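Novice: Kindly generate the corresponding structure for this input.
(one chain, ligands or ions: 1)
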Amino acid sequence: MKNRFLRLLFLSGTVLALLTACEYDNNVPSPPKPAPPAGDTISYSQDVQPFWDAKCVSCHAGSIPPNLTAAVSHTEVVPAYVIPNNPETSELYTVCKPGGSMAIYGSVTATELDLLYRWIYAGAKND
Ligand code: HEC
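Specialist: Below you'll find the model as predicted:
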């Protein structure tokens, strides 16, 4: 009886060890992007908002935060999801990156992702 208990204990320990060892790390760090050129000009209303309009407002128009409709989107995302000047640590950028939770929904293109990166890098201004 005692023997069986010990065997079971050993077995479950092994299974647990195997499971945790096989945990897949989804967050493989990508090499840092080169800094955008000095004087890079990107406009929130002209460049970033059209991206929200095209890929995100179908869901993010009020009921699911953040609200990405033009009238309120900037106050909704800064500072809640954006760390100005730090795209790599801004949730808004990481969810849109390949493998991010929103990348599949909106089929974000490399160009859109780059716009988002440059806007945050330049200070995430509301211009
Ligand atoms: C098909 C609907 C849908 C589309 C399109 C969509 N989202 Fe979302 N989004 C959701 C839902 C549902 C949640 C909340 C649950 C979750 O995190 O998956 C969410 C959550 C988020 C969050 C918060 C994440 C968190 O963990 O709190 C952000 C930021 C976000 N979306 C940004 C975007 C951006 C940017 C786009 C456009 C590229 C986008 N979403 C497109 C449905 C959508």
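
Novice: who touches Ile64 in this structure?
Specialist: With contacts defined as C-beta atoms under 8 Å, 6 or more residues apart in numbering, Ile64 is in contact with no residue. C-beta here means a position set from N, CA and C on the backbone, and glycine is covered the same way.

Novice: Please report how far it lies from the ligand.
Specialist: Distance from Ile64 to the ligand, counting by C-beta to the nearest ligand atom, to the nearest Å: 5 Å.

Novice: Okay, now the unreliable bits of the chain?
Specialist: 1-32 (pLDDT under 70).

Novice: go with 90
Specialist: Low-confidence segments of the chain, defined by pLDDT under 90, span residues 1-41, 104-107.

Novice: Around the ligand, pick out the residues from it.
Specialist: Residues of the chain lying near the ligand by C-beta under 6 Å from any ligand atom: 55-56, 58-60, 64, 66, 81, 91-92, 95-96, 101-102, 105-106, 108.

Novice: Could you rerun that using 8 Å?
Specialist: On the criterion C-beta under 8 Å from any ligand atom, the ligand has as its neighbours in the chain the residues 51-52, 55-56, 58-60, 64-66, 68, 77, 81, 91-92, 95-96, 101-103, 105-106, 108, 112, 116.

Novice: I figured Ile83 hits Thr89, correct?
Specialist: Yes. Between Ile83 and Thr89 a contact is recorded at 5.4 Å, counting by C-beta atoms under 8 Å.

Novice: okay, these two: which has more neighbours?
Specialist: With other C-beta atoms under 10 Å as the criterion, Ile83 and Thr89 differ in neighbour count, and Ile83 comes out ahead with 16 against 11.

Novice: re earlier: buried ones from the residues of the chain next to the ligand, can you make that a ChimeraX selection?
Specialist: In ChimeraX, a selection of the buried entries from these looks like this (16 or more other C-beta atoms under 10 Å):
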select :51,52,55,56,60,66,68,77,81,91,92,95,96,102,103,106,108,112,116
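
Novice: Please identify the helix or strand for Arg118.
Specialist: helix 110-121 (DSSP states H and E).

Novice: I'm done for today, thanks for sticking with me.
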